[in-house]
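S.K.: structural data only, the sequence is not supplied:
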């Protein structure tokens, strides 16, 4: 639609698109039907479509080397619906018109404005950028089931993009970079004994007390990167003694009169993109020291904000929205791994993600559409 299209027409079009997109309730692992519908839509429109598993890439490149490539990125899967959101519909909440549906905020609203912009032939013809759509499967599941890494491997020209706009829910903010993350299992070693005669052993559980007290006092640290404030966060998320932790448990009741010889704590370290995973892992070892054995059991890479990149600057200026840190891990990190600057920007409400009766405000949908198009049109 052109800039002269009445706002009411744009609003109606976006709502209709979102209701249709949300009618495909495809949970993680079951994205086949929605992937088929999206692929068929763009094949019928004469676009070049590539399937990778249940993910869809739509190639809108013009062949003009002077036009940087911008990727409009979203995931197709949702978490399981509830009876309060399985049926897409329009309602009024506190005076605001909203679309209620599973995935309305996370993140089909973002998908819809990406698809609407991509399908605007006039916009694509006059934009200083080439566009491609990347709609992938498996984001809401485990890291192993996320297909974005496979998509970037099997469609190599995507790695030549100047920018990836990931339209996750951000409350209309531009959220730059993302945290990296580590999970580490700390094993505190003592000596098992009878609880009536604890002096015959060394209680590994209480041995961990000094470290846990330190963690309670000092677990959030501000870190500034490119003028953007992130927070390093250390969290103890699980703790167990042998037989009571993850995995098979012994028959019968737990034994309660044994001083444990080992005590395990899972520590989740979320770190700002001021350093990489290897450096963050070294920080964990340094902080724990010789107080416990450290096993790193999961690693997620960070993504730098890239605020000084001209195209990121152009996006921030064009959309004229608040800029903040992404205080979480997102798939912008997968683009960072292959050298593509990426950011999060979407109309969805972060507080509505995965909620019962999930919704997105129509005003937010329209505002994000206008702002995304301003960037794609090359407006300063």
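M.R.: Alright, I've got the coordinates. This is a predicted model, so every value here is computed, not measured.

S.K.: buried ones in the host helix or strand of residue 8, by neighbour count?
M.R.: Taking DSSP states H and E as the criterion, residue 8 maps to helix 7-22. Across helix 7-22, burial judged by 16 or more other Cβ atoms under 10 Å covers 10, 11, 13, 14, 15, 17, 18, 19, 21, 22. In this view, the C-beta of every residue, glycine as well, is placed from N, C-alpha and C.

S.K.: then stretch 255-270?
M.R.: Within stretch 255-270, the residues scored as buried using 16+ other Cβ under 10 Å are 259, 260, 261, 262, 263, 264, 265, 266, 267, 269, 270.

S.K.: next: stretch 150-166.
M.R.: Taking 16+ other Cβ under 10 Å as the basis for neighbour counts, the residues of stretch 150-166 that come out buried are 151, 152, 155, 158, 161, 162, 163, 164, 165, 166.

S.K.: ends of that stretch, what's the gap?
M.R.: Between the opening and closing residues of stretch 150-166 lies a distance of 17 Å (Cα to Cα, to the nearest Å).

S.K.: give me the mean pLDDT for that stretch.
M.R.: The average pLDDT for stretch 150-166 rounds to 98.

S.K.: follow-up on the earlier one: report all helices and strands that the helix holding residue 8 contacts.
M.R.: Under the contact criterion of 3 or more Cβ pairs under 8 Å, 6 or more residues apart in numbering; DSSP states H and E, the helices and strands touching helix 7-22 comprise strand 89-93, strand 96-100, helix 109-118, helix 362-376.

S.K.: shaky segments in the stretch 151-300 of the chain?
M.R.: In the predicted model, the stretch 151-300 of the chain carries pLDDT under 70 at residues 243-254.

S.K.: mind listing the helices for it?
M.R.: The residue ranges that make up the helices of the stretch 151-300 of the chain, judged by DSSP state H, counting those that start in this stretch, are 204-207, 209-217, 277-288.

S.K.: tell me which residues touch residue 161, please.
M.R.: For residue 161, the contacting residues are 68, 69, 70, 71, 132, 335, 340, by Cβ atoms under 8 Å, 6 or more residues apart in numbering.

S.K.: if any of those residues are buried, put those into a PyMOL selection.
M.R.: Selection of buried members from those for PyMOL, criterion 16+ other Cβ under 10 Å:
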select buried, resi 69+70+71+132+335+340
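
S.K.: who wins for proximity to residue 234 among the helices of the stretch 151-300 of the chain?
M.R.: With Cβ to Cβ, the closest approach to residue 234 among the helices of the stretch 151-300 of the chain belongs to helix 209-217: 5.8 Å.

S.K.: that closest one packs against which elements?
M.R.: Packed next to helix 209-217, using 3+ Cβ pairs under 8 Å, 6+ apart, are strand 228-240, strand 262-271.

S.K.: picking up where we left off before, which one of the buried residues of stretch 255-270 is nearest residue 143?
M.R.: Distance to residue 143 across the buried residues of stretch 255-270 (Cβ to Cβ) is lowest for residue 270, with 15.2 Å.

S.K.: residue 233 is in contact with the closest one, correct?
M.R.: Yes - counting by Cβ atoms under 8 Å, residue 233 is a contact partner of residue 270 at 4.5 Å.

S.K.: list the residues that contact both of these two?
M.R.: Residues touching both residue 270 and residue 233 (Cβ under 8 Å, 6+ apart) are residue 179.

S.K.: just the element for the closest residue to residue 374 other than its chain neighbours, please.
M.R.: For residue 374, ignoring the flanking residues on the chain, the nearest one in space by Cβ to Cβ, 6 or more residues apart in numbering is residue 318 at 4.7 Å. Using DSSP H and E, residue 318 maps to helix 310-319.
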